[in-house]
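Peer 1: Give me the fold of what follows.
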Amino acid sequence: MRVFNQDKTQELTTYDLDKGRLVDDTISTTTPAVAGQEEIGHYETVAEYPNGGKDVVWVVDQPYVEAKPATKEVEDIQVYIPFTAEEQARYDQEKYESLVDSMIRRRYTLSQELAILRQKETKEEEYQAYFGYCEVCKAEAKQLLV
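Peer 2: Residues are numbered from 1 along each chain as shown. Now for the predicted structure:
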């Protein structure tokens, strides 16, 4: 599917989905009508014989053109919409949070994480290990997203 800029004036071959989004849309193309034309030409003599005979060929001056009505085609496309500053900030925050969450899930399941948080007061050492790991994940995620 072809991708265009916001104004649908230029087809894009590259675009950054970390800086904008694609929206489904359509574009109309109108082909003008073509007036038909009969073939126009003339005969040329290529050989003459003593008995009065001739060899002739048809030479085309203007070729036949088939008449065609005007057509309108509608094509499904996508339009690239750059993020506003507010949308970019929200997208970056969601990407950061998702990355941190996936990094934490490498060591702790959601059930394990909730259990540690519930027992934070009684198992302080286990909570501190968990908390320290979360801080490392957050720092790594910030470095990866720079």
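
Peer 1: From here on, just use CA atoms for contacts and neighbour counts.
Peer 2: Noted.

Peer 1: which residues touch residue 10?
Peer 2: Neighbouring residues of residue 10 by CA atoms under 8 Å, 6 or more residues apart in numbering: residue 4.

Peer 1: correction: residue 103
Peer 2: Residues in contact with residue 103, defined by CA under 8 Å, 6+ apart, are residue 137.

Peer 1: Over to residue 120?
Peer 2: With contact set as CA under 8 Å, 6+ apart, residue 120 has these partners: 126-127.

Peer 1: Over to residue 137?
Peer 2: So residue 137 contacts 100, 103-104 (CA under 8 Å, 6+ apart).

Peer 1: Surely it is within a strand?
Peer 2: No - read with DSSP: H, G, I helix; E, B strand; the rest coil, residue 137 is helix and lies in no strand.

Peer 1: Please tell me how far it sits from residue 92.
Peer 2: The spacing between residue 137 and residue 92, counted by CA to CA, to the nearest Å, is 16 Å.

Peer 1: per-domain residue ranges of this structure.
Peer 2: 1-32+70-82, 35-69, 84-146 (automatic domain parsing).

Peer 1: Show the end-to-end separation of the last one, please.
Peer 2: Taking CA to CA, the first and last residues of domain 84-146 lie 19 Å apart.

Peer 1: need the helices for the chain, in chain order.
Peer 2: Ranges of helices in the chain, per DSSP state H, are 85-105, 110-118, 124-144.

Peer 1: how about these in CSV, adding mean pLDDT and distance to residue 28?
Peer 2: CSV is the format used below for the helices of the chain (pLDDT from 0 to 100; distance: least, CA to CA, whole Å):
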stretch, mean pLDDT, distance to residue 28
helix 85-105, 97, 30
helix 110-118, 96, 50
helix 124-144, 96, 42
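
Peer 1: any chance of those helices in CSV, with distance to residue 22 too?
Peer 2: Converted to CSV, the helices of the chain look like this (distance: least, CA to CA, whole Å):
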stretch, distance to residue 22
helix 85-105, 14
helix 110-118, 33
helix 124-144, 25
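
Peer 1: of all these, which lies closest to residue 54?
Peer 2: Of all the helices of the chain, helix 85-105 sits nearest to residue 54, with 81.8 Å by CA to CA.

Peer 1: Go through the closest one and flag the buried ones.
Peer 2: By 16 or more other CA atoms under 10 Å, the buried positions in helix 85-105 come out as 91, 96, 99-101, 103-104.
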